[in-house]
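Chemist: no FASTA, just this:
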């Protein structure tokens, strides 16, 4: 029952402000999934980002993205990204990862840690500011845009500052789809080795599938298991970053209290592990039990596609090509260097797995 004072008014106003942008994002997801079904080589999530970039740069839809759609698109880019991360956990079974063997798991962890630290070093070398190097390192070494969203949450990074890292992880993952299959035979890789290389070195899950499937079912199966092993590292790396961020905030608070006579109120600290990352871990545990029917897993995969696709369309709609060309050249070169580093580390790990 609606109260006479208009208790439903705030909800209705929120729905009116978010509705147009969310509807546009969901429509873009539908188009992305359709394109993927017609051209399996194109990951739906990559298509969603490209559609978002096109929408904000084409004259016909630019005004909509900057006007009535903006609030809904920003909401999708932040909150639906987190929903998608939770459902991503349903893809992971710890049993599949343990079947790789401890040596392979250790090598995959080594690739992630070395690529993460190496990309951070490249960020300092190229003098990138703010959280950009950290976000690029997280997205490239773990699981693309999903990892960027999780790291941004614990760092308190502004929504607009995640746009460039997401664009770069999409760019490099798309390049991988076209380039890595051409290198399989020259590098002397078997289908199994190629799948392991793709799983260890390509960023987003959809990009991994699109790249590995070109070498057949064996390559695809190996790539997915190796990739999902990397995804498991999302929670511990984000947890460590969250703990360091809280410690930094606590030290800054102590310093302010020590240098001022006025009372300093404690600010709200970022979470050590965000609630949606805990949801991700809960979904991993649930999938590992084997209790879920296949229909539930498929429904979760669809929910993930819808949520992440809408989020990526929202983030893509913040990428203005002219501004990107003016401000993102150094970051682009740095990202390409990181991509080459990760591919090299993954290639070395594959050969160690085979010995």
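Modeler: Thanks, I have it. Given the structure is predicted, the values throughout are model-derived calculations rather than measurements. Numbers count the residues shown, from 1 in each chain.
Chemist: can you give me the buried ones in the helix ranked longest in the chain?
Modeler: In the chain, ranked by residue count with DSSP state H as the criterion, the top helix is helix 9-38. Going by neighbour count (16 or more other CB atoms under 10 Å), the buried part of helix 9-38 is 18, 20-22, 24-26, 28-29, 32-33, 35-36. (Each C-beta comes from the backbone N, C-alpha and C, glycine too.)
Chemist: one more: stretch 279-299?
Modeler: For stretch 279-299, by 16+ other CB under 10 Å, it's 279, 280, 281, 283, 284, 286, 287, 288, 292.
Chemist: same check, this time on stretch 205-223
Modeler: Quick answer for stretch 205-223 (16+ other CB under 10 Å): 205-215, 219-223.
Chemist: just the ones of the buried residues of stretch 279-299 in helices?
Modeler: 279, 280, 281, 283, 284, 286, 287, 288.
Chemist: where does this protein dip in pLDDT?
Modeler: 1-9, 11, 252-253, 256-258, 260-272, 327 (pLDDT under 70).
Chemist: so residue 142 sits right up against residue 229, yeah?
Modeler: No: using CB atoms under 8 Å, residue 142 is not in contact with residue 229; the gap is 10.6 Å.
Chemist: show me what the strand or helix carrying residue 247 is packed up against.
Modeler: Using DSSP states H and E, residue 247 sits within helix 234-259. Applying 3 or more CB pairs under 8 Å, 6 or more residues apart in numbering; DSSP states H and E, one finds that helix 234-259 contacts helix 132-138, helix 145-155, helix 275-289.
Chemist: could I get the buried residue list for that helix?
Modeler: Across helix 234-259, burial judged by 16+ other CB under 10 Å covers 234, 235, 237, 238, 239, 241, 242, 245, 249.
Chemist: and the angle for it with helix 275-289?
Modeler: Between helix 234-259 and helix 275-289, the angle comes out at 150 degrees (axes from the mean of the first three to the mean of the last three CA atoms, to 10 degrees).
Chemist: so how far is helix 234-259 from its chain's centroid?
Modeler: 23 Å (CA atoms, centre = their mean, to the nearest Å).
Chemist: that helix vs helix 145-155, what angle?
Modeler: Interaxial angle, helix 234-259 versus helix 145-155 (the same axes, to 10 degrees): 20 degrees.
Chemist: nearest residue to residue 309 in space, please, no chain neighbours.
Modeler: Leaving aside its chain neighbours, residue 309 sits nearest to residue 29 (3.7 Å; criterion: CB to CB, 6 or more residues apart in numbering).
Chemist: quick check: residue 203 touching residue 169?
Modeler: Yes: using CB under 8 Å, residue 203 makes contact with residue 169 at a distance of 5.1 Å.
Chemist: any common contacting residues for those two?
Modeler: 139, 140, 144 (CB atoms under 8 Å, 6 or more residues apart in numbering).
Chemist: ok, those vs residue 132, which is closest?
Modeler: residue 139 (10.7 Å; CB to CB).
Chemist: got the contact list for that closest one?
Modeler: Applying CB under 8 Å, 6+ apart, the residues near residue 139 are 145, 147, 148, 151, 165, 166, 168, 169, 203.
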